[in-house]
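# Coordinates for the following, if possible.
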Amino acid sequence: MTVKQFFKGKAFKSIVVLLCVLLVSGILLSVCWGFLEVTDEERFNRKINAMYGGETVTAIEQDISQKNTSISNATIQNVWKIEEKKDYLVQAASRGYGGDITCWIAVSLNDDMNSVKGIRKVIKYAVGDSAELIGNIGEEVYAKFATEYADGKKFTYGDKNSDEYISTGATYTMGAICNCVNGSVEFVKAYASGVEIVDPLEGLAYTDKIDGETTTWSSENGVVTYNIVTKSNAQATPFTLTIKVAKENEVAVITEYTIVVNGSTSGYGEEMAEQANNLTGKKLADVEGYLADTDVGGALMTGATKSNTLCYKAAAFALANYDTCLSTPKGGN
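Prediction:
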């Protein structure tokens, strides 16, 4: 077949028709994509509207960049004012079993718009990698935050020692959701009324795993006695520790380290008691050395690595802040 015959043949005509169809289809798809493309703002608005049962509301983002956003073991990430409902919608995150749990909490205000009336709704917004069994927590549990809210109430559905504990098979996640709710309500109470929430550990070092609201310390004769409550650390629940620090040869040293409440998972009590013994006599440089090795197979990487980390972080806190805490007692006797 010659080239001239090819161009006159049915095969060439079929190819031309096919190319024309593809070209037209591509143009139409491009036009449709332009019309149908969903922007990030549209996706956000759809989620907001779904939060309010399909009702269209306006979310006005609030500037919280200068606020203390670490409250009740939760981090306040974003806040929007929903004027139609007299709500503040809060996005808060807290650590679950192995990843962050992020929730949206709609906090309702009274008509004066400067005091909290209740909780309208709580939903799961996002789940971090390795978070624990979020699907075990049904809608009826989320609904309890609204129906059981009372002024000053702290939700403890994830605390096995609480009368309100709810068995879900996802205890750490349940605790993280409660943290998100408790932190959001506390933040909105302060934000709406114009009160500043002061970080009780502001200016101190090694505070990332320390519960500043319940940790106290006192000093006498050059000895600082800390009563430290840690935050949770994945599987490890909060520890309560009594740590005494004094100076030896001008260097702060742990003279006593006692685990009052062991937050380790079942079966690691003896190991944690050994860690307490190991910390007596340690200086800050010693503790920092152990913590620095944690990510590269150091001595703290045992079957209770998360608990070990909490214990050593508490020790670092006590040692690093000795001089400051010696002159500024907090809540201790």
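# tell me which element Ile243 falls in.
strand 240-248 (DSSP states H and E).
# in that strand, what counts as buried?
By neighbour count on 16 or more other C-beta atoms under 10 Å, the buried set for strand 240-248 is 240-241, 243-246. Bear in mind the C-beta positions are built from the backbone N, C-alpha and C, glycine included.
# For the stretch 51-200 of the chain, which segments count as helices?
139-147, 171-193 (DSSP state H, counting those that start in this stretch).
# Equivalent analysis for the stretch 201-333 of the chain, please.
In the stretch 201-333 of the chain, the segments counted as helices under DSSP H, counting those that start in this stretch are 269-279, 284-292, 305-320, 322-327.
# among those, which is nearest Lys85?
Minimum separation from Lys85 across these (C-beta to C-beta) falls at helix 305-320, 40.0 Å.
# Let's have the helices of the stretch 51-200 of the chain in TSV, adding mean pLDDT and distance to Asn233.
Converted to TSV, these look like this (pLDDT from 0 to 100; distance: least, C-beta to C-beta, whole Å):
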stretch	mean pLDDT	distance to Asn233
helix 139-147	94	24
helix 171-193	93	10
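# tell me the mean pLDDT over the strand holding Ile243?
Averaged across strand 240-248, the pLDDT comes to 95.
# okay, the helices of the stretch 51-200 of the chain, which one's buried deepest?
Neighbour counts (mean count of other C-beta atoms under 10 Å) averaged over each of these peak at helix 171-193, with a mean of 24.
# and that one, how far from the chain's centre?
Going by C-alpha atoms, centre = their mean, to the nearest Å, the spacing between the C-alpha centre of helix 171-193 and its chain's C-alpha centre is 10 Å.
# Counting neighbours, what do you get for the nearest residue to Asp211 once chain neighbours are set aside?
In space, Asp211 comes closest to Val229 once its chain neighbours are excluded; the distance is 4.4 Å by C-beta to C-beta, 6 or more residues apart in numbering. For Val229, the count of nearby residues is 19 (other C-beta atoms under 10 Å).
# which residues does Val229 bridge with?
Note on Val229: beta-bridge partners Thr240, judged by DSSP bridges.
# So which residue is smack in the middle of the chain?
In the chain, the centroid-proximal residue (C-alpha atoms, centre = their mean) is Ser94; its distance is 2.0 Å.
# my guess is it meets Ala176, correct?
Yes: the criterion here is C-beta atoms under 8 Å, and Ser94 meets it with Ala176 at 4.0 Å.
# Common neighbours of the two, please.
Common neighbours of Ser94 and Ala176, counting by C-beta atoms under 8 Å, 6 or more residues apart in numbering, are 100-101.
# is it true that Thr69 touches Asn78?
No: counting by C-beta under 8 Å, Thr69 sits too far from Asn78 to count as a contact (9.6 Å).
# More neighbours: which of these two?
More crowded of Thr69 and Asn78, by other C-beta under 10 Å: Thr69, with 18 against 15.
# Give me the helices and strands touching the strand holding Ile243, please.
Helices and strands touching strand 240-248, by 3 or more C-beta pairs under 8 Å, 6 or more residues apart in numbering; DSSP states H and E, are strand 223-229, strand 251-261, helix 305-320.
# which one of the ones you listed has the most crowded surroundings?
Counting by mean count of other C-beta under 10 Å, helix 305-320 has the highest mean neighbour count of the helices and strands packed on strand 240-248, with a mean of 25.
# and the angle for that one with strand 240-248?
Helix 305-320 runs at 40 degrees relative to strand 240-248, counting by axes from the mean of the first three to the mean of the last three C-alpha atoms, to 10 degrees.
# And helix 305-320, what does it pack against?
When contacts are defined as 3+ C-beta pairs under 8 Å, 6+ apart, helix 305-320 packs onto strand 223-229, strand 240-248, strand 251-261, helix 269-279, helix 284-292.
# Now find how far off-centre it is within its chain.
A distance of 19 Å separates the centroid of the chain from that of helix 305-320, by C-alpha atoms, centre = their mean.
# bridging residues for Thr225?
Listed beta-bridge partners, Thr225: Ser218, Lys244 (assigned using DSSP bridges).
# So it is in contact with Thr242, correct?
Yes: Thr225 is within contact range of Thr242, at 7.0 Å (criterion: C-beta under 8 Å).
# In TSV, list the helices and strands packed on strand 240-248 along with mean pLDDT and distance to Leu89.
Shown next, in TSV, are the helices and strands packed on strand 240-248 (pLDDT from 0 to 100; distance: least, C-beta to C-beta, whole Å):
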stretch	mean pLDDT	distance to Leu89
strand 223-229	95	30
strand 251-261	93	35
helix 305-320	90	32
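# Can you redo those as CSV, where the extra columns are distance to Asn73?
Below are the helices and strands packed on strand 240-248 laid out as CSV (distance: least, C-beta to C-beta, whole Å):
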stretch, distance to Asn73
strand 223-229, 11
strand 251-261, 16
helix 305-320, 13
